[in-house]
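> Next come a sequence and a model predicted from it.
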Amino acid sequence: MMTKWINHASHNSEAQINLFCFPHAGGSSSYFAKWIRNFSAAINILPVEYPMREKRSGEAMPNSLIELARQMAAECREIFSAPFALFGHCTGAIIAYETASALQEKFQIEPSYFFASASVSPRHTKIQSVKLMSDEEFITFIAQYGVVDPVFLENKELLDYFLPIVRKDFELHENYTHGIHPPLNCPIHALNGNHDFNTAAAEEVDDWANFTTAAFKKDTFEGEHFYLDVHLQEICRLMETALIELG
């Protein structure tokens, strides 16, 4: 499984399904590295690596989230040949959806399951404009809304590395307009924190139901945008149960 798009992955040849995990704006594959120990050998965890970070730090991001998704679909065609599911957190949910749509339209390949975390549907997704913010204003903004790990905001070296990444990711999300795609044919499961400003409009989360011909389900947990960190073991068990029941 040699590809620049996957990092910190588990590789069990006997696994029933591969779970591709798409990180949030400013996030990287390392966010999902700890997930591996919370799943059995039946599930391979494949954290997605975007350009500009970790082993792809020298690569520029594409000009849109859609182009990013299309590039991944085209370059990872082979590893999508095995049964797979997609998980995306916030911006990652939108990139995962566009990747699923690109795979469906270009290769007639579809995920077996889709998990949308901390995200309203692609039709409703929006993010506050950051283009005109100074670095100081942008740091205050991301700190206020808790969309990044505070450790990055307290370390100048980390901040200098991290700030261009998260700013670029936010700008791409800000410029995103979802295209008209056929609905997916797999279940969609929305997960979110009950105090997350991103998913405060329940009807906009529920709109994910219109993006599939299969079942839609929603689970809400106590917490804010990164509710995952508090409920990680519970959420991993929930996802593994859903994936194992497919087989």
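Perfect, thanks for sending it. Numbers count the residues shown, from 1 in each chain.

> Now Val230: closest residue in space, sequence neighbours ignored.
Setting aside the residues directly before and after it, Val230 is nearest to Gly223 in space (C-beta to C-beta, 6 or more residues apart in numbering), at 5.1 Å. Using the backbone N, CA and C atoms, a C-beta is placed for each residue, glycine as well.

> Next, the buried residues of stretch 121-129.
Of the residues in stretch 121-129, those buried by neighbour count under the rule 16 or more other C-beta atoms under 10 Å are Ser121, Pro122, Thr125, Ile127.

> Would you mind finding the longest helix in this protein?
Ordering each helix of the chain by length in residues (DSSP state H) puts helix 156-174 first.

> Stretch 5-18 spans what distance, first to last residue?
Across its full length, stretch 5-18 reaches 14 Å between end residues, using C-alpha to C-alpha, to the nearest Å.

> Which pLDDT value belongs to the residue nearest to Pro83 when sequence neighbours are not counted?
On the basis of C-beta to C-beta, 6+ apart, the spatially nearest residue to Pro83 that is not a chain neighbour turns out to be Ile17, at 4.7 Å. In the prediction, the pLDDT value recorded for Ile17 is 96.

> Run through the bridge partners of Ile17.
On the basis of DSSP bridges, Ile17 is bridged to Ile43.

> pLDDT averaged over the one helix or strand Leu243 maps to - what is it?
When secondary structure is defined using DSSP states H and E, the element that contains Leu243 is helix 232-246. The average pLDDT within helix 232-246 is 95.

> May I have the distance across stretch 129-142, first residue to last?
The separation between the terminal residues of stretch 129-142, taken as C-alpha to C-alpha, is 12 Å.

> And that stretch, what's buried?
Buried residues in stretch 129-142, defined by neighbour count with 16+ other C-beta under 10 Å: Val130, Met133, Phe138, Ile139, Ile142.

> hmm, back to that, tell me which helix or strand comes right after the longest helix of the chain.
Using DSSP H and E, the next helix or strand after helix 156-174 towards the C-terminus is strand 188-193.

> So for the residue nearest to Val130 when sequence neighbours are not counted, what's the pLDDT?
Closest residue to Val130 apart from its sequence neighbours, by C-beta to C-beta, 6+ apart: Phe170 at 4.8 Å. Predicted confidence (pLDDT) at Phe170: the value is 92.

> surely Phe170 meets Lys126?
No. Counting by C-beta atoms under 8 Å, Lys126 is not a contact partner of Phe170; they are 11.6 Å apart.

> Now find how far off-centre the worst-scoring helix or strand of the chain on mean pLDDT is within its chain.
Least confident helix or strand of the chain, by mean pLDDT, DSSP states H and E, is helix 150-153 with a mean of 71. For helix 150-153, the distance between its averaged C-alpha position and the chain's averaged C-alpha position is 21 Å (C-alpha atoms, centre = their mean, to the nearest Å).

> Can you list the helices and strands that that helix packs against?
The contact analysis (3 or more C-beta pairs under 8 Å, 6 or more residues apart in numbering; DSSP states H and E) places helix 150-153 against helix 135-144, helix 156-174.
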